[in-house]
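Asks: Would you be able to build a 3D model of this:
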Amino acid sequence: MFFLPLDSFNLNENDLVLYNWNFSGFIGSMFVHANIIHLLGNMIFLWVFGNALCAAIGNIAYLFLYICLGIFAGTVHMAFDAHPVVGASGAINGVVGMCVILFPKNKLHCWYFFALPFLWFLKAGKFAISTYWMVLIWLVFDILGNLGSPDGIAHYAHIGGLVGGVIIAIIGLKFKLIETPHQSVFDIGLSKNLGVAQYQLNAEAPSSIYEPFRHTKIENQTVEDKSLYPADTNNSRTSITPKKETINNLFPADTLSMQPDIQLKHCISNETTLTLYLVNNGAPLKFPKLRVPKEVKAQMSFTNLIRYKETGWIRFSTDNITIDSIEFLIYYVDSAQQQRKIRFRCVPAKSSLELISAN
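Replies: Below you'll find the predicted structure:
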């Protein structure tokens, strides 16, 4: 299957096959596949992992890195195998390698089926698996493939691309060239160093404090509800039982004297949808809850705990109202087991997040 118009580039089929270190093969082999099954298999992996990576680094950087990863994978293949090769799997494994560093704990939802027609047996279902487990299984497959007899698969290209992707992702995170709203391997390592444990919520605070409030500037019109803060808000408490850890483990000593410091890294807005990419540079926030304008729907990546230096996102959306300014509340439980709230205002046009109040 060919993706490049051969006549336009004055090439023939052999020029698009990687062999004998030919330069056109390094590029062309990424766009050529042996058959439709080969093509579809690669495109599924590219669709699953490529979309996530492209959303994190942007279209231009994604295309550039895809080509670089393909060349790197081809170089490793030629150095250790040197058999003629076609296919995008080397470059795609590079994309996968970057994803395992940027999104190691993200879940992959997989479908499967197993059939024995002569027994009239069919089994189908789905399961979820973390990114790093999927990649580890695939890596073991490639390693075993290199140790066994030749099977027509460019295992060295797969391994080379994967390693190249891991290296690029680590460099990108280390020098802050890549930002992700999800937990990267660096974030996971940091949370372990801080001794952060999991919590169990025994009793929810009164549900009224999580009801939507009506205070936002939408399409240059401000609507305010005087009952923004229910009377029981300041007196409400949440009962917390830490699992296996003391409160000092959950809030390390170097963060106990700090206050939460939510900062905006960048935002993406397209009129009716606004996504804020945030980082917490202060004390951890337990059980964060959003309170948003009545006209707005909200989602956030944070779950039971916003750790020190953890990154994440909050996404606001409306049905048909343009969001040019929005105010929202984050309720949380502090290290003293007290219910707190922080109020913010965001103006997408200015990429600004203003702290209005914290108490």
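Asks: only C-alpha atoms for contact and neighbour calcs from this point on.
Replies: Fine.
Asks: give me the number of residues near the residue lying closest to R343 once chain neighbours are set aside?
Replies: Leaving aside its chain neighbours, R343 sits nearest to L329 (4.5 Å; criterion: C-alpha to C-alpha, 6 or more residues apart in numbering). Residues contacting L329 under the criterion other C-alpha atoms under 10 Å number 22.
Asks: how much space between L329 and L355?
Replies: Separation of L329 from L355 (C-alpha to C-alpha, to the nearest Å): 10 Å.
Asks: Identify the contacts common to these two.
Replies: In terms of C-alpha atoms under 8 Å, 6 or more residues apart in numbering, L329 and L355 are both contacted by the residues I342, R343, F344.
Asks: which residue packs closest to the first one, ignoring adjacent ones?
Replies: With sequence-adjacent residues excluded and distances taken as C-alpha to C-alpha, 6+ apart, I342 is closest to A358, at 4.4 Å.
Asks: With the last one instead?
Replies: Setting aside the residues directly before and after it, F344 is nearest to L355 in space (C-alpha to C-alpha, 6+ apart), at 4.7 Å.
Asks: So that neighbour: helix, strand or coil?
Replies: Recorded secondary structure, L355: strand (DSSP: H, G, I helix; E, B strand; the rest coil).
Asks: how near is it to L264?
Replies: 11 Å.
Asks: Between the two, which has more neighbouring residues?
Replies: Per other C-alpha under 10 Å, whichever of L355 and L264 has more neighbours is L264, with 18 against 15.
Asks: hang on, isn't the more buried one packed against V279?
Replies: Yes - with contacts counted by C-alpha atoms under 8 Å, L264 reaches V279, the gap being 6.6 Å.
Asks: can you give me the helices in the chain?
Replies: Using DSSP state H, the helices found in the chain span residues 6-9, 23-28, 36-57, 59-80, 89-102, 131-147, 155-174, 185-193, 247-250, 253-256.
Asks: Could you identify which of those helices is most buried?
Replies: helix 89-102 (a mean of 29; mean count of other C-alpha atoms under 10 Å).
Asks: Tell me the helices and strands packed up against that one.
Replies: On a contact count with 3 or more C-alpha pairs under 8 Å, 6 or more residues apart in numbering; DSSP states H and E, helix 89-102 meets helix 36-57, helix 59-80, helix 131-147, helix 155-174.
Asks: Show me the shaky parts of the stretch 101-250 of the chain.
Replies: For the stretch 101-250 of the chain, applying pLDDT under 70 flags the ranges 149, 181-182, 187-250.
Asks: So the chain: which segments form each domain?
Replies: 6-180, 190-358 (automatic domain parsing).
Asks: For the first one, what is the distance to the chain centroid?
Replies: The chain centroid and the centroid of domain 6-180 are separated by 18 Å, computed with C-alpha atoms, centre = their mean, to the nearest Å.
Asks: so what's the closest residue to H158 other than its chain neighbours up against?
Replies: Closest residue in space to H158, ignoring its immediate chain neighbours: G90 at 4.7 Å, by C-alpha to C-alpha, 6+ apart. By C-alpha under 8 Å, 6+ apart, the contact list for G90 reads M30, L69, G70, A73, G74, A157, H158, I159, G160, G161, L162.
Asks: Equivalent analysis for N146, please.
Replies: Counting by C-alpha under 8 Å, 6+ apart, the residues that N146 touches are H155, Y156.
Asks: Switch the shared contacts of L329 and L355 over to JSON lines; also include distance to V296 and neighbour count.
Replies: What follows is the shared contacts of L329 and L355, written out as JSON lines (distance: C-alpha to C-alpha, whole Å; neighbours: other C-alpha atoms under 10 Å):
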{"residue": "I342", "distance to V296": "18", "neighbour count": "18"}
{"residue": "R343", "distance to V296": "16", "neighbour count": "16"}
{"residue": "F344", "distance to V296": "15", "neighbour count": "16"}
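Asks: Closest one of these to I57?
Replies: Nearest to I57 among the shared contacts of L329 and L355, counting by C-alpha to C-alpha, is F344 at 26.9 Å.
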